[in-house]
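# what would the 3D arrangement of this be:
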Amino acid sequence: MLGKLQNILFGWRGYIWESPATRLMAESRALNCANCEHAEHGNIIEFLEDDVKEIQGMKCNLCECPLSALLRSPNERCKIDKW
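Numbers count the residues shown, from 1 in each chain. Below is the predicted model:
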């Protein structure tokens with residue numbers, strides 16, 4: 001459980017204080033997530049602005065994570081191995 005919590009915190013930290021490397025990682029992952037059948041618009045996270053426009057306001061319906069944070073977490077992995 002601590003590992004998952006740590007990944008979530010790293011993801012939000014990457015969203016708030018984004019480095020160039022984190023941005024590249026998020027953009028690369030977003031190419032797979034933007035058109036994934038498991039990506040959907042979330043109700044609560046609709047207000048989140050994201051420089052990676054393809055995934056703005058979206059979440060993964062498999063893990064329920066907001067894509068803005070999930071794609072910026074270096075140790076997180078896609079549940080269906082898309083990245």
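# all contacts plus neighbour counts: C-alpha atoms, from now on.
OK.
# for the lowest-mean-pLDDT helix or strand in the chain, give me every contacting residue.
One helix or strand of the chain scores below all others by mean pLDDT, DSSP states H and E: helix 2-16, with a mean of 89. The contact list for helix 2-16 (Cα atoms under 8 Å, 6 or more residues apart in numbering) reads 22, 68, 69, 70, 71, 72, 73, 74, 75, 76.
# where does the closest residue to residue 41 other than its chain neighbours land on pLDDT?
Nearest residue to residue 41, sequence neighbours excluded (Cα to Cα, 6 or more residues apart in numbering): residue 58, at 4.2 Å. The model reports residue 58 with a pLDDT of 93.
# wait, what's in contact with residue 58?
Residue 58 touches 39, 40, 41, 42, 45, 46, 66, 67, 68, counting by Cα under 8 Å, 6+ apart.
# again, only using 6 Å
Residue 58 sits next to 40, 41, 42, 67 when contact means Cα atoms under 6 Å, 6 or more residues apart in numbering.
# among the residues you listed, which lie within helices?
residue 67 (DSSP state H).
# CSV for the contacts of residue 58, including neighbour count, distance to residue 83 and pLDDT?
CSV is the format used below for the contacts of residue 58 (neighbours: other Cα atoms under 10 Å; distance: Cα to Cα, whole Å; pLDDT from 0 to 100):
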residue, neighbour count, distance to residue 83, pLDDT
40, 19, 18, 94
41, 16, 20, 90
42, 18, 21, 81
67, 29, 13, 95
